[in-house]
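# my questions are about this predicted structure, shown below with the sequence.
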Amino acid sequence: MRTDRLFMEAAHLDGEQFVRRFGKCLRPIKLWRVEIDVRVERMCGSHRMNLGAIAHSARGYGLSGNDDIAALEALYRTYLEAGNSGDLETYCSLFAFPIAVGGNGQAPATVSNPAAWRASVQASIDDLAARGWVTSVIDALHVGLMAGDTGVITIAFSRLAADGAVMESCTGNYLARKLDGMWKIVGIIAP
Amino acid sequence: MSQTDEIEAHKALYTTYIDAWNRVDLDTYCSLFAFPVVIGGGGRSPETVPDLAAWRARTKGNLDALAARGWSTSVIDALHVGLMAGDTGVITVEYSRQAGDGTRIEGGTSNYLTRKIDGEWKMVGMLVP
């Protein structure tokens, strides 16, 4: 199976659908993280986007606190890979709207729907590309779980040029909310 | 509630928060949070405070440390609210800390993460640059 097709398929499944589709090769599901490592390597090679997407799809299936942390880590890795590959459909699917984008003491900007967010992200990617950016990498990733099925993903990341040189390094906080068993990003607060 | 009402509820939450802080009213202050609470930001690993007792002890320690440095009261310089999906919100503030004579000791910005639980907005996290 082509890796991009597997990715797209897995990214759009909920927990039950995921188990039906991939259950035979991912048993026992409670060991999903280890199993996915093994099985995805076998099915797709070491394509990290697939690992992140499939783990993200598994998150709704009765996961514990530790599983929630793993799911939030996977959510961010999927987010970054989708941004790097310009896959805005996957990228925008990781959010629940409205979202707030803020920090630095400024009033949070509200983005009310995926279309507006997609246009904003496309403009940001175009701007970065014009400055020589080709990819972003994670320098550090931390997760905190809060009351009421909320979480925060704190990351340090670097933007790289085509020759691998670091253009800039930044930090950010992604606010997440578990909705219908699925973790979604609802806000971005810098730094 | 309308969006305007939710924003006003956030402003009231933060006003209550800062008033309780200034009065060292730890019962009221801690009642504004739902646990676990996360303290993070600035690229640091978020720190989890699991329950009210731990939060109260931490807050008391912070207030004592501030008082030892001459702090008397905190004031809001700017307050912004953002509403997000799933009954979540963010309060972004600029604040100043003042000594007893009203002089400014220091200031900063903070972001307070909120969640509506059983119809009531609670703070669940703080992100400080």
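Arrived safely, thanks for sending.

# contact partners for B:T28?
Listed by Cβ atoms under 8 Å, 6 or more residues apart in numbering or on different chains, the contact set of B:T28 reads B:T16, B:A20. Where C-beta positions appear, they are placed from N, C-alpha and C, glycine not excepted.

# could you pull out the buried residues of the helix or strand where it lies?
B:T28 belongs to helix B:26-31 when assigned by DSSP states H and E. Residues of helix B:26-31 classed as buried: B:L26, B:Y29, B:C30 (neighbour count, 16 or more other Cβ atoms under 10 Å in any protein chain shown).

# assess the claim that the last one and B:T59 are in contact.
In this case it means B:C30. Yes. If you go by Cβ atoms under 8 Å, B:C30 and B:T59 touch, sitting 6.9 Å apart.

# chain B: strands as residue ranges?
With DSSP state E as the criterion, chain B has strands at B:33-41, B:44-49, B:71-84, B:88-99, B:104-117, B:120-127.

# shaky segments in chain A?
The model of chain A has pLDDT under 70 over residues A:1-64.

# what does it have sitting close to chain B?
By Cβ under 8 Å from any Cβ of the partner chain, the residues of chain A that approach chain B are A:96-100, A:102-110, A:140, A:142-150, A:152, A:154-156, A:171, A:173, A:175, A:177-179, A:184, A:186-187, A:189, A:191.

# would you mind checking the residues you listed for buried ones?
Judged by 16+ other Cβ under 10 Å, buried ones among these: A:96-100, A:102-103, A:105, A:108, A:110, A:142-150, A:152, A:154-156, A:171, A:173, A:175, A:177-179, A:184, A:186-187, A:189.

# what about the longest helix in chain B?
With secondary structure taken from DSSP state H, chain B has its longest helix at helix B:3-23.

# so which other helices or strands are in contact with it?
Under the contact definition 3 or more Cβ pairs under 8 Å, 6 or more residues apart in numbering or on different chains; DSSP states H and E, helix B:3-23 sits against helix B:26-31, strand B:71-84, strand B:88-99, strand B:104-117, strand B:120-127.

# how about these, which one is nearest A:W117?
Within those, the stretch nearest A:W117 is strand B:71-84; the backing value is 12.5 Å (Cβ to Cβ).

# what's the closest one packed up against?
strand A:95-103, strand A:106-111, strand A:182-190, helix B:3-23, strand B:88-99.

# do that again at 10 Å, thanks
Judged by 3 or more Cβ pairs under 10 Å, 6 or more residues apart in numbering or on different chains; DSSP states H and E, the packing partners of strand B:71-84 are strand A:95-103, strand A:106-111, strand A:166-179, strand A:182-190, helix B:3-23, helix B:52-68, strand B:88-99, strand B:104-117.
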